[in-house]
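Trainee: Provide a 3D model corresponding to the input given below.
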Amino acid sequence: MSDRQGSKQCNVRRLGRGEQGKVDVLGIQLELKVGEADSGGHYSLFEAVVPPGAGVPLHRHAEQEAFYVLEGEAQFCRMGESGAEWLDVGLGDTITIPGGAMHGFRNPGPAAVRLLITCAQGLEAFFHEAGVAVAAGSPAPSGPPSPEAIERVIGIAVKHGQTFAPPEALSAA
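Mentor: This is a model prediction of the structure:
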């Protein structure tokens, strides 16, 4: 249940679990915690559940992001002097991504990873367009996304100004 005063938000507000909705983007479930409408257009906050084997390929966009590991262990990719470098992260670790930095992440482990993601203004629109609504209580998808689903999300990402690294950029990874 949320606490609102009138039609204009002017006070502390409580947002309950699931109140803002959840979407699935290629197997990663994102629950909106704080939307841009709630932050005066400054940022959005998501809780992500990344199942084993899922991830996001090396890409870049203008908006900043920060990831905080709530549960599990993951790997984040950045570009180093000799190419792609994977960093191991675990409970309590934070990864900051400046706008324009090439980055990606994956869950190579046997258990789901939970992340808290803070995004600068603009990324929320991508997640809403690329994501498929998830009904309350629905299980996480199993298995990899279809090639058609991947192509659909890549098309939406490009429309939102994102670019992806060529496959050879990951050859050192």
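Trainee: before we move on, what SS does the closest residue to residue 94 other than its chain neighbours have?
Mentor: In this structure, residue 94 finds its nearest non-sequential neighbour in residue 68, 5.1 Å apart by CB to CB, 6 or more residues apart in numbering. All C-beta spots, glycine's among them, are computed from the backbone N, C-alpha and C. Three-state call for residue 68 (DSSP: H, G, I helix; E, B strand; the rest coil): strand.
Trainee: got a list of what residue 68 touches?
Mentor: 92, 93, 94, 115, 116, 117, 118 (CB atoms under 8 Å, 6 or more residues apart in numbering).
Trainee: could you redo the last one with a cut-off of 10 Å?
Mentor: 47, 89, 91-96, 114-118 (CB atoms under 10 Å, 6 or more residues apart in numbering).
Trainee: identify the bridge partners of it.
Mentor: Residue 68 has these beta-bridge partners by DSSP bridges: residue 94, residue 116.
Trainee: could you do residue 23 as well?
Mentor: residue 30, residue 133.
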